[in-house]
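> Structure here, sequence nowhere to be found:
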């Protein structure tokens, strides 16, 4: 293995490990907020974030919160979590992580539904906090 390939491999391993830690912490915070403090969920989104909920697009952190607040109360369980870093060459130097979640959600008065959710998280260069820039949610029916 050449030294540049070895260096890339080691650098990517560090980034992948970091993405996994970020995704683990993120999913716990997100679904705790979604299930119990939904009116505060806008703090997790970038101001210009986009969300597609079962084909319905919503843009902006406040608008996303308003949309989600109209859903019944919920209990969410995680079945699987996949995280990966995005190479910063493609993200203008922002640390970016893709998080895919497979789980079940039970809305008050309804039966459990399986879902897939994809999140793109970004941390601007000078920030210590990741924000959701894109979120895609789909029931698995």
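Cool, got the structure. The shown structure was predicted, so the numbers you read here are calculated from the model rather than taken from an experiment.

> rest of the way, CA atoms for contacts and neighbours
Will do.

> Return the distance of the most centrally placed residue in the chain relative to residue 110.
Centroid check for the chain by Cα atoms, centre = their mean gives residue 119 as the closest residue, at 3.1 Å. Counting by Cα to Cα, to the nearest Å, the gap from residue 119 to residue 110 is 25 Å.

> before we move on, back to that, state the phi and psi torsions of the closest residue to the residue nearest to the centre of the chain other than its chain neighbours.
Spatially, and ignoring its direct neighbours in sequence, residue 119 is nearest to residue 135 (4.5 Å; Cα to Cα, 6 or more residues apart in numbering). The phi and psi values for residue 135, taken as degrees, to the nearest 10, are phi -140, psi 130.

> Could you do residue 124 as well?
Residue 124 adopts backbone torsions of phi -60, psi 160, taken as degrees, to the nearest 10.

> contacting residues for the residue nearest to it when sequence neighbours are not counted?
Distances taken as Cα to Cα, 6+ apart put residue 94 closest to residue 124, at 5.0 Å, once the chain neighbours are dropped. Residues near residue 94 by Cα atoms under 8 Å, 6 or more residues apart in numbering: 88, 122, 123, 124, 125.

> Mind pulling up the pLDDT for residue 94?
For residue 94, the model assigns a pLDDT of 82.

> Same check on residue 53?
Confidence at residue 53, expressed as pLDDT, is 97.

> ok, now residue 35?
97.

> sec struct for it, please.
Using DSSP: H, G, I helix; E, B strand; the rest coil, the structure places residue 35 in helix.

> For the contacts of residue 94, which single residue is the most surrounded?
Counting neighbours by other Cα atoms under 10 Å, residue 122 leads these with 22 neighbours.

> What's the local residue count around the residue lying closest to residue 50 once chain neighbours are set aside?
Nearest residue to residue 50 in three dimensions, chain neighbours excluded: residue 59, at 4.4 Å (Cα to Cα, 6+ apart). When neighbours are defined as other Cα under 10 Å, residue 59 has 15 of them.
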